[in-house]
Each structure stands twice: as C-alpha cells, then as structure tokens.
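1. Using only what follows, build the 3D model:
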Amino acid sequence: MLNDSAHADRVYATARQNSAAASSPIVASWRRCMTMHNLAPEVARDPIRLSGGEFAAARERSMALVSEAQDELDRLFLTVGKSGCCLVLTDETGAILEQRNMAGDERDFHRVGLGQGAVWSEASVGTNGIGTALADERSVMIFRDQHFLSANARLSCATAPVRDHRGQIAAAIDISTCRDDVNEMTLSILAQAVKDSAIRIETNLFRRAFAGSRFVLVPTASGSSAAILAVDRDDLILGATRAARLALKLDDARIAQGVPASDVLAENRGESGADLLEAERAALRRVLSRTNGNVSQAAVLLGISRATLHRKMKRLSMH
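-> The predicted structure follows:
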C-alpha cells in the first residue's frame with residue numbers, strides 16, 4: 001500500500017487527467033472531491049458529526065427505514081460480524097443511523113470515524129463506499145487506497161444504496177473493514193451480500209408503503225433487483241419499485257393516471273369488451289370457489305336466481 005505522501009501525489013496526478021476521470025468512477029469521485037468539495041487527500045479530517053438533536057431528527061425522519069432494516073441488519077451481521085467487519089445503515093445524506101460491530105473491533109472503527117451520527121458523504125470525507133454509492137446511485141467497492149483521503153487508505157468498503165417505494169435513494173447499507181488481509185475477491189463477496197440486503201430492505205419498504213395491495217412480480221432480463229408492482233382491486237397500478245419502473249417505463253406521472261397492470265405487462269385480453277367479460281367471469285369463479293361449486297349457494301350470495309346464474313355461466317362458457 002502507498003504511504004500517505006505517495007497516495008496524495010497519485011490522487012492529484014490521476015484526478016487531473018480528463019481521460020482517467022471519464023473512464024473510472026473512482027477517479028471521477030476523486031475529481032469531485034477536489035473541485036466540488038475542496039478537499040485535499042493529504043489533509044486528515046474527521047467526518048462531520050450530527051449533534052444529538054440532529055441525530056434524533058434524522059432517526060425520526062427515517063423511522064420506517066430503520067424499522068424495516070433491523071432484521072436484515074441483524075441477519076447480515078451474524079454472517080460478517082466475526083470477521084472484523086463493521087456494518088452500518090445510513091440515511092440519504094450518508095449519516096450513520098445504525099451500526100453493528102464486535103466490541104473488540106470498536107477501537108479500529110472509532111479511529112477512522114465510523115460511528116452513529118457520523119456523516120460519510122463525499123463532501124465530508126471524500127471518496128468512500130457510502131458517499132460514493134450515494135453520489136453515483138449505484139453499488140460500489142472502495143478498496144484501501146481508492147479512498148480519497150490518505151488517512152482512510154487502510155479501510156475497505158462495500159456499499160449498496162437503498163431506494164424507497166418511489167425508487168428514490170433513501171439510504172445506504174455498508175460493510176467496512178480495516179483488516180490487512182482483505183483482498184478484492186473477499187470484498188466482492190461482501191459487495192454481493194450488501195446488494196442482496198439492500199434489495200430485501202427495499203422490498204420491505206415497498207410492501208409497507210402499499211400494505212393491503214396486491215403485489216405483482218415483474219419479470220426482468222437481469223433478475224438482480226426486485227421488480228414489483230403494487231396493484232389495487234381494479235388492476236390499477238398504485239406503485240412500482242425502481243426495477244419495475246425501468247423495466248416497464250413507468251414514472252410517477254403515468255402511475256398517477258391510473259394505468260392498468262395488464263396494459264403495461266402486455267397481457268392479451270382478447271377483443272374489445274373482453275375486459276368486462278373477464279371481470280364478470282372472475283367474480284363468478286370467486287363466488288363459486290367460496291361455495292365449493294354449489295350453484296344454489298352462489299346464487300344466494302350474489303342475490304340472483306339460480307336460473308339467472310346458470311344463464312350467466314353458459315354465456316361465459318363456465319359450464
């Protein structure tokens with residue numbers, strides 16, 4: 001690993017190359033740190049910290065997020081905690097809301113500034129897993145001297161952003177380690193773990209936002225993200241996850257118009273007027289199912305005569 005001076009020289013030299021910044025997300029982040037945030041790689045700095053009141057307010061704003069993430073954080077920490085990793089959940093600004101680490105590792109993570117209330121945005125501490133994932137809105141791995149600050153070059157991070165029910169960035173989940181024996185292959189495994197956890201938290205948030213709705217899984221080419229629609233009893237879309245929005249070209253405006261799920265999923269409903277017949281057939285099938293196929297009982301539940309029900313069933317080819 002480069003010493004602090006050599007690391008700073010490398011950051012300056014590389015970030016000033018237009019071609020490097022255009023081709024490398026890491027170098028593009030280094031350049032942002034220099035030009036947008038006026039940071040210097042050789043100058044050690046602690047992360048910005050929220051006051052007690054600010055931290056309480058941030059937790060209050062993210063109450064649903066923290067609630068839906070707790071079980072997932074506990075599950076993930078059981079997997080990675082004993083390997084010397086620190087697991088954190090931040091809000092959309094990079095402020096750490098939840099943290100998990102073994103007591104024996106507390107000193108190492110305190111030394112680098114990982115703790116509740118610390119803000120790990122790029123503006124605060126330069127290129128790092130949390131800040132860069134939030135800035136680029138994508139999962140990232142920052143391996144040791146890929147960090148902007150020389151002081152953070154011992155740290156390795158794997159981070160995934162978490163999106164809310166409207167597909168907007170709401171948080172980040174991050175695994176960091178100070179271990180010297182961590183290599184890029186190990187970090188890749190941790191990166192996949194945080195991606196999977198982020199997807200599960202997003203799914204929890206989506207189900208919470210649209211509780212009581214019917215959920216439809218949207219098939220996607222990649223299958224890497226949860227593409228889900230929330231649909232009401234009339235088949236109108238109430239909400240869509242980020243992956244579903246991208247797959248079906250949906251946005252807030254189109255969802256607000258009340259688009260039917262069958263339309264965006266390109267389901268073949270047949271000739272004009274078939275929707276009404278399908279709705280009537282579905283209603284009759286539900287009632288007959290509840291009565292175990294007893295036509296007389298179904299007619300009573302529907303408030304029509306047995307003969308009328310038979311005529312409807314014949315018209316709908318249900319005999």
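2. can we go C-alpha only for contacts and neighbour counts from here?
-> OK.
3. so which strand or helix has Val162?
-> strand 156-163 (DSSP states H and E).
4. Compute the mean per-residue pLDDT across that strand, please.
-> Mean pLDDT, strand 156-163: 97.
5. residues in contact with that strand?
-> The list of residues contacting strand 156-163 from outside it, by C-alpha atoms under 8 Å, 6 or more residues apart in numbering, reads 128-130, 133-134, 137-144, 169-178, 182, 187-188, 190-191, 194-195, 198-199, 201-202, 242.
6. Off-centre distance for that strand?
-> Put simply, strand 156-163 sits 10 Å off its chain's centre (C-alpha atoms, centre = their mean, to the nearest Å).
7. Kindly report the same for stretch 27-35.
-> Offset of stretch 27-35 from its chain centre (C-alpha atoms, centre = their mean): 25 Å.
8. Let's test this: mean pLDDT of it, rounded?
-> Here the average pLDDT along stretch 27-35 is 96.
9. try stretch 7-17
-> Here the average pLDDT along stretch 7-17 is 92.
10. Stretch 115-129 too?
-> In the prediction, stretch 115-129 has an average pLDDT of 97.
11. Next, the distance between the ends of that stretch.
-> With C-alpha to C-alpha, to the nearest Å as the measure, stretch 115-129 spans 15 Å from end to end.
12. now do stretch 11-26
-> End to end - C-alpha to C-alpha - stretch 11-26 spans 10 Å.
13. And for stretch 213-231?
-> 6 Å.
14. Could you do stretch 91-108 as well?
-> Span of stretch 91-108 from end to end, C-alpha to C-alpha: 23 Å.
15. try stretch 119-126
-> 11 Å.
16. and the gap between Leu76 and Ser139?
-> Applying C-alpha to C-alpha to Leu76 and Ser139 gives a distance of 17 Å.
17. The two: which has the busier surroundings?
-> Ser139 (23 against 17; other C-alpha atoms under 10 Å).
18. Next up, the contacts around the more buried one.
-> Applying C-alpha under 8 Å, 6+ apart, we find Ser139 in contact with Ala133, Ala158, Thr159, Ala160, Pro161, Ala191, Lys195.
19. for Ser5, same thing?
-> Counting by C-alpha under 8 Å, 6+ apart, Ser5 touches Glu42, Ser150.
20. Quick one: buried ones out of the contacts of Ser139?
-> With neighbours counted using 16 or more other C-alpha atoms under 10 Å, the contacts of Ser139 contain these buried positions: Ala133, Ala158, Thr159, Ala160, Pro161, Ala191, Lys195.
21. quick one: contacts of stretch 211-226?
-> Contacts for stretch 211-226 (C-alpha under 8 Å, 6+ apart): 199, 203, 227-233, 241, 243-244, 247, 265.
22. Now neighbour count too, for the residues you listed, in JSON lines please.
-> Output for the contacts of stretch 211-226, formatted as JSON lines (neighbours: other C-alpha atoms under 10 Å):
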{"residue": "Ile199", "neighbour count": "19"}
{"residue": "Thr203", "neighbour count": "22"}
{"residue": "Ala227", "neighbour count": "22"}
{"residue": "Ile228", "neighbour count": "21"}
{"residue": "Leu229", "neighbour count": "26"}
{"residue": "Ala230", "neighbour count": "24"}
{"residue": "Val231", "neighbour count": "22"}
{"residue": "Asp232", "neighbour count": "18"}
{"residue": "Arg233", "neighbour count": "9"}
{"residue": "Thr241", "neighbour count": "26"}
{"residue": "Ala243", "neighbour count": "22"}
{"residue": "Ala244", "neighbour count": "23"}
{"residue": "Ala247", "neighbour count": "16"}
{"residue": "Leu265", "neighbour count": "12"}
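23. Report the two of those residues separated the most.
-> Across those, no pair lies farther apart than Ile199 and Arg233, at 26.0 Å, counting by C-alpha to C-alpha.
24. Quick one: distance of stretch 103-119 to the chain centre.
-> Taking C-alpha atoms, centre = their mean, the mean C-alpha location of stretch 103-119 is offset from the chain mean by 24 Å.
25. Ignore what I typed, I meant stretch 83-93.
-> Between the centre of stretch 83-93 and the centre of its chain there are 14 Å (C-alpha atoms, centre = their mean).
26. Pull out the buried positions in it.
-> Per 16+ other C-alpha under 10 Å, stretch 83-93 contains these buried residues: Gly84, Cys85, Cys86, Leu87, Val88, Leu89, Thr90, Asp91, Glu92, Thr93.
27. Any idea which of the residues you listed the model trusts least?
-> Within these, lowest confidence goes to Gly84 (91).
28. List phi and psi for the nearest residue to Leu316 once chain neighbours are set aside.
-> In space, and not counting its chain neighbours, Leu316 is closest to Arg281: 6.5 Å by C-alpha to C-alpha, 6 or more residues apart in numbering. For Arg281, the backbone dihedrals are phi -60, psi -40 (criterion: degrees, to the nearest 10).
29. quick one, what contacts Arg281?
-> Listed by C-alpha under 8 Å, 6+ apart, the contact partners of Arg281 are Met313, Leu316, Met318.
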